[in-house]
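Q: test case, fold it:
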Amino acid sequence: NFYLLFTSVINKQSFKYEDFGLFLSFVEIGEFIHSAYLSAAQTNLGCCPFGGILHDQTQQLLKIKNSLHKPFVAMSFGTIN
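A: Numbering: from 1, shown residues only. This next block holds a predicted model:
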């Protein structure tokens with residue numbers, strides 16, 4: 001069993017594309033989550049995404065040094081019984 005944490009630098013695309021950059025970040029994260037679902041199904045793993053994470057505490061726990069990287073969503077993976 002393991003967890004996968006997705007982070008995003010939302011300001012990076014917003015700088016160039018303004019408000020549309022936020023939409024692009026959401027689409028990009030959605031693509032990663034979709035790929036993770038497909039990979040989990042292929043390897044017979046169960047998975048569940050969740051967004052209820054404490055951003056500041058997660059950054060400190062994982063020692064994410066770049067303050068622009070924000071924890072966005074996490075996924076848990078495990079065997080199906």
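Q: the strand or helix carrying residue 72: partners in the sheet, and parallel or antiparallel?
A: In the assignment (DSSP states H and E), residue 72 maps to strand 70-79. Here strand 70-79 has these sheet partners by DSSP bridges: strand 2-8 (antiparallel), strand 45-50 (antiparallel).
Q: of those, which is nearest residue 58?
A: Closest approach to residue 58 among these (C-beta to C-beta): strand 2-8, 7.1 Å. Bear in mind the C-beta positions are built from the backbone N, C-alpha and C, glycine included.
Q: just the buried residues of the helix or strand following that closest one, please?
A: Along the chain past strand 2-8, the next helix or strand (assigned with DSSP H and E) turns out to be helix 10-17. Neighbour counts over helix 10-17 (16 or more other C-beta atoms under 10 Å) mark 10, 13, 14 as buried.
Q: do the same with stretch 41-52
A: Within stretch 41-52, the residues that count as buried by 16+ other C-beta under 10 Å are 45, 47.
Q: then stretch 64-81?
A: Under the neighbour-count criterion of 16+ other C-beta under 10 Å, stretch 64-81 has 64, 70, 71, 72, 73, 74, 75, 77 buried.
Q: got a list of contacts for the strand holding residue 72?
A: Contact with strand 70-79 is made by 1-10, 29, 33, 36, 40, 44-51, 53, 55, 58-59, 64, as judged by C-beta atoms under 8 Å, 6 or more residues apart in numbering.
Q: make CSV from the strands paired with strand 70-79 and add mean pLDDT and distance to residue 22 to it.
A: Output for the strands paired with strand 70-79, formatted as CSV (pLDDT from 0 to 100; distance: least, C-beta to C-beta, whole Å):
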stretch, mean pLDDT, distance to residue 22
strand 2-8, 87, 10
strand 45-50, 91, 19
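Q: quick one: distance of the strand holding residue 72 to the chain centre.
A: Relative to its chain's centre, strand 70-79 lies at 7 Å (C-alpha atoms, centre = their mean, to the nearest Å).
Q: before we move on, what about stretch 47-63?
A: Here stretch 47-63 is found 9 Å from its chain centre; the criterion is C-alpha atoms, centre = their mean.
Q: other residues contacting that stretch?
A: Outside stretch 47-63, the residues that touch it by C-beta under 8 Å, 6+ apart are 5, 33, 36-37, 40, 64, 67, 69-78.
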